[in-house]
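**Q** A structural model of the following input is requested.
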Amino acid sequence: MKQRYNELTHDLCVQAVLSCFDKKWHRPEVMAFVNHYAGIPTREFYEAELKQEVWPQLEAAEAIAYYLEEVVDELMHGEPLDMRPVIVRSRPDGMTGKMRDICDLCILHQLLGHLVKLGLEPLFHARILPTQCASIPGRGQTGLLKKAKRYIRKAGLGITVCQKTDVAKAYGSLMYVVVIGLLEKDVPSAIWILTVLRALAAYAPGGHLIIGGYLDAWLFNYAMSFALRYVRSCGKTRRGKFIPNVKADTSYMDDFGLMGTGKTPVQRTVKLLDAWMQKFLGIRLKIKEHMIRFMTYKEERERKKHKNRGCPCLDMGGYKIHRGYVTIRPGIFRRLRREFLRGWREIQAFGSIHLQRARKIMSYNGYFKWTNSVGIIATYHVKEVRKVAKSVIGYWSKRFAKAKRERMERYVIQCNVGRQARKGCAYLAA
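**A** Numbering: from 1, shown residues only. The predicted structure follows:
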């Protein structure tokens, strides 16, 4: 049987450091950690970056990798993990506006999370299903949209109904003990991974998965892969052939879209899934009574001719996915419409727009790209506003890069002047 985890090596620790610190080297907490454990001063980092050299990052990664190996070795010998506790802060959700508790992890916690993720990469690659899209590179909202459209429109599947469910308090109810139990069955010989996970679990608030943690997103997807496999096992056998209750499924973190050809089999599967998740994962589903019944292409075209154009759809990942077309979720559309209208007014009044608004406008660009929004693009001057937003972001990016370079040069000069002054004082004292 193929080994489903990576052994702890120095190279794996180096990869974890580089992955964790990617595009974060200039952060104060990261630089302080590097200065302490790698012994490389900030001045050398800046001098090398001004010369377009990367040797300080590589040296720091090597030094911190040895420190990580030492931490894991101490854990393996029964010594406790000593690091800063997790800090919980309330922040508004960018999509829904709800206040959510986001956790702030110390640098060592983040490094260990990246190290465990790299160690479990073969298992994640084998277990996590292609229909799981959230927090997985290369998928995301666009990947979910493409898969759901393909399933709904594929004639061979014959999808007519869909039931959307989600997990109640997903991260807050899935405990580390449950996930570690699943890993012990899958990779019982991965002693170093299980030891580090148990140490991290002791720092998790309430013992559940940490909201905002890098490793925790992968662990949640890993646990949900078992639930989706159970869904695919639900069905009946007729004349020696297995007929599944659910013909296709999509998942965006804790949201499930279960599709089938009939209402009763899908509803039965949802109830079975809820019972299975309570028994084996200790979490519950929010079962919605409303069952989505997709219209045919002809019925959707007829409905769109009337004033009431609403058609049944799967609302996931910010998109409303119909049989023949895709629209934007109303709450998201109201926010992006406000930004584009205000951006157009600023362009008319001043010839440009504010940087923060330009970034918001570009963040909404994908919704126009992947939906049937031709009329809206013309009505709200999307192309014109988007063109100006790109120019504004490009201009300020150059300005920020230049200012950053100037700050680094000033810092290096000040450090060099201070060094020369200290040498002179030492010479006079001698």
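**Q** element containing the residue nearest the centre of the chain, please.
**A** In the chain, the centroid-proximal residue (Cα atoms, centre = their mean) is residue 135; its distance is 2.9 Å. Using DSSP states H and E, residue 135 is not contained in any helix or strand.
**Q** with adjacent residues omitted, what lies nearest to it?
**A** What sits nearest to residue 135 in space, not counting adjacent residues and going by Cβ to Cβ, 6 or more residues apart in numbering, is residue 217, at 3.9 Å. C-betas here are computed from N, CA, C, even on glycine.
**Q** ok, residue 257 next?
**A** With Cβ to Cβ, 6+ apart as the criterion, residue 257 has its nearest non-adjacent residue at 4.3 Å, and that residue is residue 250.
**Q** thought the one you found was touching residue 315?
**A** No. With the criterion set as Cβ atoms under 8 Å, residue 250 and residue 315 do not qualify as a contacting pair; they are 11.8 Å apart.
**Q** the more surrounded of these two?
**A** residue 250 (28 against 15; other Cβ atoms under 10 Å).
**Q** element containing the residue nearest to residue 257?
**A** strand 248-252.
**Q** buried stuff in stretch 74-84?
**A** With burial defined by 16 or more other Cβ atoms under 10 Å, the residues of stretch 74-84 counted as buried are 75, 81, 83.
**Q** and the first one, that one's in a strand?
**A** So the one you mean is residue 75. No. Using DSSP: H, G, I helix; E, B strand; the rest coil, the assignment for residue 75 is helix, not a strand.
**Q** who touches it in this structure?
**A** Residues near residue 75 by Cβ atoms under 8 Å, 6 or more residues apart in numbering: 81, 195-196, 199.
**Q** if you rank those by neighbours, which is first?
**A** Of all the contacts of residue 75, residue 196 has the most neighbours under the rule other Cβ under 10 Å, reaching 24 neighbours.
**Q** tell me how many other residues crowd residue 298.
**A** Neighbour count of residue 298, defined by other Cβ under 10 Å: 10.
**Q** measure it to residue 169 for me?
**A** Separation of residue 298 from residue 169 (Cβ to Cβ, to the nearest Å) stands at 42 Å.
**Q** now residue 296
**A** Using Cβ to Cβ, one obtains 38 Å as the distance from residue 296 to residue 169.
**Q** what does residue 58 give?
**A** Plainly put, residue 58 is 42 Å away from residue 169 if you go by Cβ to Cβ.
**Q** what of residue 407?
**A** 44 Å.
**Q** can you give me the strands in the stretch 51-200 of the chain?
**A** 87-92, 99-104, 161-167 (DSSP state E, counting those that start in this stretch).
**Q** give me the nearest residue to residue 408, chain neighbours excluded.
**A** Leaving aside its chain neighbours, residue 408 sits nearest to residue 46 (4.1 Å; criterion: Cβ to Cβ, 6+ apart).
**Q** and that neighbour, how many residues sit next to it?
**A** 21.
**Q** ok, now the one 4 residues further on?
**A** For residue 50, the tally of surrounding residues (other Cβ under 10 Å) stands at 12.
**Q** what of residue 170?
**A** Neighbourhood size, residue 170 [other Cβ under 10 Å]: 18.
**Q** one step back: give me the contact list for the strand holding residue 250.
**A** Here strand 248-252 makes contact (Cβ under 8 Å, 6+ apart) with 129, 131-134, 141, 144, 147-148, 151, 157, 159, 224, 228, 231-232, 256-259, 314, 316-317.
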